[in-house]
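Novice: Quick one, what's the 3D model for this:
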Amino acid sequence: MSLLDQQNAAPPEIRAVVNFLRGKNGPKLRTGVLNGKRIDYFKGSGAVKSLLTPAYAKLKNAPKVTSEQEAVQLLSQTIRFAFFLRVDRGESLTLTSGQTKTKAKNLNINQMQMFEPEMYFAWFYEGSQWTTYLGGVIMVIVLLAGVMFPLWPPMFRQGVSYLSMGVLGLIGLFFVIAILRLIFWLITIVVVPPGIWIFPQLFADVGFVDSFIPVWDWDIKKKKGKKEGKSKKSGKKSDGSRPDSPEGLAPPKMVVGSDSDTSRPPSARGGPTIEEVPDEDD
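Specialist: Next comes the predicted model:
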């Protein structure tokens, strides 16, 4: 019997438990690698804690759980329908996705399928697919509506034409504003330097309303070198030496125990070290 057949044989109350655990109130998910593919897995104690939460107590058409022992018994019944299976964790692997690197455990399915809080279990169920089905139905309806546009009532077709003309008009207005503000800036940079920008935040990464606030502003660049100004006020140069010292050199620093390993930089003690982050078991 395949996994899909086992899952289809699950009673409604077991399926309700599985959908709850696979949702946002379920146990903490971890990323593992099983047979060369990424897969979500969790620890049994996390599933037990999820069944003891108030969110599960409000769930309808699901078995009631009042203690940790009852939660373990319910999960032992649920594992028979292969929504999740017990796995053993192996060595850590590094997964690369673009410029992001993440660590994941290599997983192997255990032949002894049983449930205990200290064990790990991999998901073989993606949860309720009603949103996927609904999105597919909506996409089909939109495509059919576009194909059957000549058969639409005249009033609907006229409304769509007005709407498309309005959208094109807004896009054209945006380009006109961009060209006019550039021409105005070129004129003001000669007449009243340093120039004036109309809608200075038009192309900034802000909201729609903030793009038109303020209406105008001077073309003044932000000043740099604040650190240099602070160092001058404090009577020091940017390199840490005082201006009244000979040749601008700072006094030498005394190094105690220069022959010991502690006085040398990390690069001289055998190169950088890699800190290993322990894997969480909760």
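Novice: how far out from the middle of the chain is the longest helix seen in the chain?
Specialist: Determined from DSSP state H, the single longest helix within the chain is helix 154-191. Centroid separation between helix 154-191 and its chain, computed with Cα atoms, centre = their mean, to the nearest Å, is 35 Å.
Novice: what residue ranges in the stretch 1-150 of the chain are flagged as low confidence?
Specialist: Counting by pLDDT under 70, the low-confidence segments of the stretch 1-150 of the chain come to 98, 128-129.
Novice: Same question for stretch 133-147: list its buried residues.
Specialist: Judged by neighbour count using 16 or more other Cβ atoms under 10 Å, stretch 133-147 contains no buried positions. (C-beta placed from N, C-alpha, C; glycine too.)
Novice: Which neighbouring elements make contact with the longest helix of the chain?
Specialist: Where contact means 3 or more Cβ pairs under 8 Å, 6 or more residues apart in numbering; DSSP states H and E, helix 154-191 is packed against strand 196-198.
Novice: what packs against the strand it packs on?
Specialist: The contact analysis (3+ Cβ pairs under 8 Å, 6+ apart) places strand 196-198 against helix 154-191, strand 216-218.
Novice: Please convert the ones you listed to a markdown table, extending it with mean pLDDT and mean neighbour count.
Specialist: Output for the helices and strands packed on strand 196-198, formatted as a markdown table (pLDDT from 0 to 100; neighbours: other Cβ atoms under 10 Å):
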| stretch | mean pLDDT | mean neighbour count |
| --- | --- | --- |
| helix 154-191 | 92 | 11 |
| strand 216-218 | 90 | 12 |
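Novice: Contacts only, for the residue nearest to Arg181 when sequence neighbours are not counted.
Specialist: Closest residue to Arg181 apart from its sequence neighbours, by Cβ to Cβ, 6 or more residues apart in numbering: Ile198 at 4.2 Å. Contacts for Ile198 (Cβ atoms under 8 Å, 6 or more residues apart in numbering) come out as 177, 180-181, 184-185, 215-216.
Novice: Counting neighbours, what do you get for Thr78?
Specialist: By the measure other Cβ atoms under 10 Å, the count of residues near Thr78 is 22.
Novice: any idea which helix or strand carries it?
Specialist: Assessed by DSSP states H and E, Thr78 sits inside helix 68-78.
Novice: Go through the first helix or strand past that helix going along the chain and flag the buried ones.
Specialist: Scanning forward in sequence from helix 68-78 by DSSP H and E, the next helix or strand is strand 84-97. Neighbour-count burial for strand 84-97 flags 84-87 (criterion: 16+ other Cβ under 10 Å).
Novice: What is the nearest of those to Met155?
Specialist: Phe84 (53.8 Å; Cβ to Cβ).
Novice: do you know how far that closest one is from Gln6?
Specialist: Separation of Phe84 from Gln6 (Cβ to Cβ, to the nearest Å): 11 Å.
Novice: Same check on Arg157?
Specialist: 52 Å.
Novice: what do you get for Ala62?
Specialist: Distance, Ala62 to Gln6, using Cβ to Cβ: 19 Å.
Novice: Between the two, point out the one with more neighbours.
Specialist: Ala62 (20 against 14).
Novice: who's in contact with stretch 184-192?
Specialist: Contacts of stretch 184-192 with the rest of the structure, by Cβ under 8 Å, 6+ apart, involve 195-198, 219.
Novice: how about 6 Å then?
Specialist: Residues from elsewhere that reach stretch 184-192 (Cβ atoms under 6 Å, 6 or more residues apart in numbering): 195-198.
Novice: Could you chop this protein up by domain?
Specialist: According to the TED database, the chain comprises the domains 3-127, 154-218.
Novice: To Leu134, which of the ones you listed lies closest?
Specialist: domain 3-127 (14.1 Å).
Novice: Give me the distance between the two termini of the closest one.
Specialist: End-to-end distance for domain 3-127: 14 Å, by Cα to Cα, to the nearest Å.
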